[in-house]
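Student: sequence and predicted model, in that order:
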Amino acid sequence: MGPKIPRPRGTRDLLPEDLPRVRLLEDTARRVAERAGFGEVRTPLFEDVRLFARTLGEASDVVEKEMFAVPRRGEAGGAWAFRPEGTAGAARAYVEAGLAQRAPFQKWWYCGPMFRYERPQKGRERQFVQFGAEVFGSACPEVDAELADLVLTFFEELGLSGLELRVNTMGDPHDRRAWGDALRAHFSGRLDGRCSDCRTRFERNVFRLLDCKVESCVDANVGAPTLDQYLGAEARAHFEGFLAALAALGREPVRDPGIVRGLDYYTRTVFEVHDPGLGARSALCGGGRYDRLVEELGGPPTPASGFAVGFTPTEAALEARGLPTAAVLEPYRALQRPEVYVVAITDEDRSAALALTRELRRAGLRADLDLKGRRPKGQFKEASRRGARLAATLGPEERAAGEVVLKDLESGEEVRVPRSTLLDRVRRLLGAPPA
RNA sequence: GUGGAUGUAGCUCAGCUGGUUAGAGCGCCAGAUUGUGGUUCUGGAGGCCGGGGGUUCGAGUCCCCUCAUCCACCCCA
């Protein structure tokens, strides 16, 4: 044996036994999104690193340290990066396809792996799956409400209750700038009592001072200017429209001024969905409006809005509630069980058993057989363990007579049937309509 | 990047203050008279005790280093 090669840090292998749970999440996402008129998009798992550098900020930690980058070959230089999120790629594809000119209004959804090079911990992996949706081409606040409602519906259909929708507005760029200036003016003479992180944040991103968790800093934030004081009339009306639309949908959001996205391209609406039961890392979903992103990526000015759900925290929230239930997973598990298990009595029957198995499969049934040379007893044992409904036995006598012995593995009843009527008989025993 | 905890069979774990050939349960494989499963019984395979170094007559057990995992911080698209 050669030395073992470990799996990459922060990743996991999803084995057949894990897949029912994963597929439930994926199918729920697909169902909810397609029902609401969203079309699926699949963009590359890697992009030019500049795409993310431009959308997330050149000098940010994110780009410098947390991106999976791969040097590009050739003289062009530069690097590829595994996508850390889905929005940038979707917006890039939107621009590249020229949709802003030929069909500007688009509703998209996606679900797939994302990557970030960070030290793994609870609810945080280097490769993880996100479900997201983006709407391009409309500035209406109803879009934001539809998106928030969509993601809440996704959670509800998984059985998650008691989740909290937290909303806020970032205002328009002009409002943000005015507020940022006011914050810098406010804090410039008051950095003495702050933690070292806050002093760095003051230079890089003043807004981050507001959600510092150090106790003395929290106290020092009292009396700082609020965005509300600088919010323009249009942004204010937009936020009110968002809240009104949510109310019409029966949603009761919590106003949370603490949601302050550091990225420049966010505008107006921001929201998060939290599971209060999860403690510190309670965010399951983040979303908001990014009216400047498409333009930033070389397209015409195009309003846009979206959200992304992390499957990892969603799974944690489900697990905390004992979900999903066995009943919900049953349809997925059933797909992993053969309907018919074919048993060969002697070695001379094995090739005929293989042919019979294929015949059943071609008829659309899940059929399997022993490929380990087990004796009949072992084959029946395997049939039970695999959860097969029926066993189809083929021995010298049956072959000579052109028959098969069908056994219902639950009741133990056996019937001898001619090959010609086998399929109908199997379907009847399985409770399916005869073809 | 910083700190803490943990690494013994495929999985969950025992191994008392260092002492002979390292154990259990589950799982896996096989048998219980030769063409019939789920239960039971019996047997079997499977461990360089994460890796390296040190202390000792002797190390799974003590010390150091290293790697990995988990947790927290940082950061969060």
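Tutor: Structure received. The structure displayed is predicted, hence computed values, not measured ones.

Student: and for the nearest residue to A:G387 once chain neighbours are set aside, the neighbour number?
Tutor: Leaving aside its chain neighbours, A:G387 sits nearest to A:R337 (3.8 Å; criterion: CB to CB, 6 or more residues apart in numbering). Where you see a C-beta, it was placed from the backbone N, CA and C, and this is true even at glycine. Using other CB atoms under 10 Å, A:R337 has 13 neighbouring residues.

Student: helix, strand or coil for the residue of chain A found nearest RNA strand B?
Tutor: Closest to RNA strand B within chain A is A:P84: 2.0 Å, counting by CB to the nearest atom of the strand. For A:P84, the assignment made with DSSP: H, G, I helix; E, B strand; the rest coil gives coil.

Student: and the pLDDT for the residue nearest to A:G387?
Tutor: What the model reports as pLDDT for A:R337 is 92.

Student: surely it touches A:R366?
Tutor: Yes: if you go by CB atoms under 8 Å, A:R337 and A:R366 touch, sitting 7.2 Å apart.

Student: can you name the residues that contact the residue nearest to the residue of chain A closest to RNA strand B when sequence neighbours are not counted?
Tutor: Residue nearest to A:P84 in three dimensions, not counting chain neighbours: A:R116, with 5.0 Å by CB to CB, 6+ apart. Contacts for A:R116 (CB atoms under 8 Å, 6 or more residues apart in numbering) come out as A:66-68, A:84, A:126, A:128.

Student: from these, pick the one nearest A:T269.
Tutor: A:P84 (22.0 Å; CB to CB).

Student: list the residues that contact the closest one.
Tutor: A:P84 neighbours (CB under 8 Å, 6+ apart): A:52, A:56, A:62, A:66-68, A:114-116.

Student: sorry, back to before: so which of the contacts of A:R116 wins on neighbours?
Tutor: Going by other CB under 10 Å, A:M67 tops those with 24 neighbours.

Student: three-state assignment of that one?
Tutor: coil.

Student: isn't it right next to A:R83, touching?
Tutor: No: in this structure, A:M67 is not within contact of A:R83 by CB under 8 Å, at 9.3 Å.

Student: overlap of the contact sets of the two?
Tutor: A:F52.

Student: I'd assumed A:H174 was in a helix, is it?
Tutor: Yes: with three-state DSSP as the criterion, A:H174 is located in a helix.

Student: which non-adjacent residue is nearest it?
Tutor: Nearest one to A:H174, counting by CB to CB, 6+ apart, is A:G232 at 6.6 Å.

Student: now that neighbour: phi and psi?
Tutor: phi -70, psi 170 (degrees, to the nearest 10).

Student: what sits against it?
Tutor: A:171-172, A:174-175.

Student: in which helix or strand would I find the residue nearest to A:G387?
Tutor: A:R337 is part of no helix or strand, with elements assigned from DSSP states H and E.

Student: which ones are touching it?
Tutor: A:366, A:386-389.

Student: and it, how far from A:A383?
Tutor: 10 Å (CB to CB, to the nearest Å).

Student: same check on A:T55?
Tutor: Taking CB to CB, one finds A:T55 at 55 Å from A:A383.

Student: any idea how far the residue nearest to A:H174 lies from A:A316?
Tutor: 39 Å.

Student: same question for A:V206.
Tutor: 32 Å.

Student: same question for A:R416.
Tutor: 53 Å.

Student: these two: which has the busier surroundings?
Tutor: Taking neighbours as other CB under 10 Å, A:R416 and A:A316 compare with A:A316 leading, 18 against 12.

Student: quick one: contacts for the nearest residue to the more buried one once chain neighbours are set aside?
Tutor: Excluding the flanking residues, the one nearest A:A316 by CB to CB, 6+ apart is A:G123, at 5.8 Å. A:G123 sits next to A:278, A:281, A:310, A:312-313, A:316 when contact means CB under 8 Å, 6+ apart.

Student: next one: A:S384
Tutor: If a contact means CB under 8 Å, 6+ apart, then A:S384 has A:L409 as its contacts.

Student: quick one on the thing from earlier: which of the contacts of A:R337 are close to RNA strand B?
Tutor: Counting by CB under 7 Å from any atom of the strand, nothing from these sits close to RNA strand B.

Student: so how do I select the buried members of those in ChimeraX?
Tutor: A single ChimeraX command selects the buried members of the contacts of A:R337 (16 or more other CB atoms under 10 Å):
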select /A:366,388,389
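
Student: mind putting the contacts of A:R337 into CSV with secondary structure?
Tutor: Shown next, in CSV, are the contacts of A:R337 (three-state DSSP):
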residue, secondary structure
A:R366, coil
A:R386, coil
A:G387, coil
A:A388, coil
A:R389, coil
